[in-house]
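J.: Generate coordinates for the sequence data below:
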Amino acid sequence: MRTPRPIRLLPVTVPVILLQLPAHAHQPAPAAAVLPAGWFYAVLALALAAVVYAIHRLRVNHILATEKVRSRIARDLHDDMGSTLTSINIMSAMAQKSAGRGELEKTREFLAKIGDSTTRMMESMDDIVWSINPHNDSTPRVIARMREFTTGVLEARGIGFSFNIDEKIYSRKLRLENRHDFFMIYKESITNIAKYAQCTFADVRIQLRKGQLVLRVQDNGVGFDVKEAGDGDGLMNMQRRAYRMNGQFSIQSQMGKGTVVTLMFPTT
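T.: Below you'll find the predicted structure:
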């Protein structure tokens, strides 16, 4: 039996390749700074609180501004009523004296003036109450009241009129104080037409020009000399209201050629 010969293994050389990396490659990258979850929610809560506070302050400021205007209007009503009641009291005393002396004609005149003053006071109260009512805080309601007032005053005196409104007006917003002053200027213009113009026709136009509301009231009456009219209470009140609205007010009139009243003020 033959004995198997052992297998002899030859040595094998395996090449070794060494790679040299940059020095910084051996350093682990620093971990990104991460805020704890609690800090994130705290910052988010503070941001939301700041937004809510800002909105709340805006609402409070708006409410305070509105209440300030309503208080001013209420003071105007108080002053107007006080002045009118004083005038009525004086005329009542004079009517009593003239009646005691048998002066019936003077008594009738005083009673008529008392009636006019009472009517004006009631109208003023109605205008103030309407103005401070939040339900009327819209331009369409203002225009509707203007049209209603014009119809009641001019038609009763047989005066024809046209009432032209730019439809873009209805989308504009009038601040409370501007809305009240705007209506009072218009009311004074229509009242003057009914009392003094001796006209047969009046033209009312309300337009929007470059972000400004323009009111134009024109009549074909007898006209008057603006310089001689001076600074009457009615004219001064209209100018004062226009100034308060940051607007421009003008009256143009010539004898025998009628009168044009123009008001222009900014809207939003």
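
J.: Please could you give me each C-alpha atom of stretch 210-227, formatted as CSV?
T.: Presented in CSV, the C-alpha positions along stretch 210-227 are these (Å, rounded to 0.1, in the frame of the first residue of the first chain):
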residue,chain,number,x,y,z
LYS,A,210,-59.0,109.7,-8.1
GLY,A,211,-60.1,108.3,-4.8
GLN,A,212,-61.9,111.4,-3.7
LEU,A,213,-65.7,111.8,-3.3
VAL,A,214,-67.0,114.9,-5.1
LEU,A,215,-70.3,116.5,-4.2
ARG,A,216,-71.7,119.1,-6.6
VAL,A,217,-75.1,120.9,-6.0
GLN,A,218,-76.2,123.5,-8.5
ASP,A,219,-79.4,125.5,-8.9
ASN,A,220,-80.8,127.9,-11.5
GLY,A,221,-81.9,130.5,-8.9
VAL,A,222,-81.3,134.1,-8.4
GLY,A,223,-77.8,133.7,-7.1
PHE,A,224,-76.1,136.1,-4.7
ASP,A,225,-72.8,138.0,-4.1
VAL,A,226,-70.5,135.6,-2.3
LYS,A,227,-68.4,138.5,-1.0
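
J.: any low-confidence regions in the protein?
T.: Regions of the chain meeting the criterion pLDDT under 70 cover residues 1-38, 40-45, 49, 52-54, 56-83, 229-233.

J.: Which residue ranges of the protein form strands?
T.: 160-165, 201-209, 212-219, 248-253, 259-266 (DSSP state E).

J.: Residue 106 versus residue 219, what's the distance?
T.: 33 Å (CB to CB, to the nearest Å). C-beta coordinates here come from the backbone N, C-alpha and C atoms, glycine included.

J.: higher neighbour count, those two?
T.: residue 219 (28 against 15; other CB atoms under 10 Å).

J.: so the more buried one touches residue 201, yeah?
T.: Yes. Residue 219 is within contact range of residue 201, at 7.1 Å (criterion: CB atoms under 8 Å).

J.: all helices of the protein, in order?
T.: 37-100, 104-132, 139-155, 176-192, 226-229, 233-244 (DSSP state H).

J.: among those helices, which is the most enclosed?
T.: helix 176-192 (a mean of 21; mean count of other CB atoms under 10 Å).

J.: list the helices and strands that one packs on?
T.: Packing partners of helix 176-192 (3 or more CB pairs under 8 Å, 6 or more residues apart in numbering; DSSP states H and E): helix 37-100, helix 104-132, helix 139-155, strand 212-219, helix 233-244, strand 259-266.
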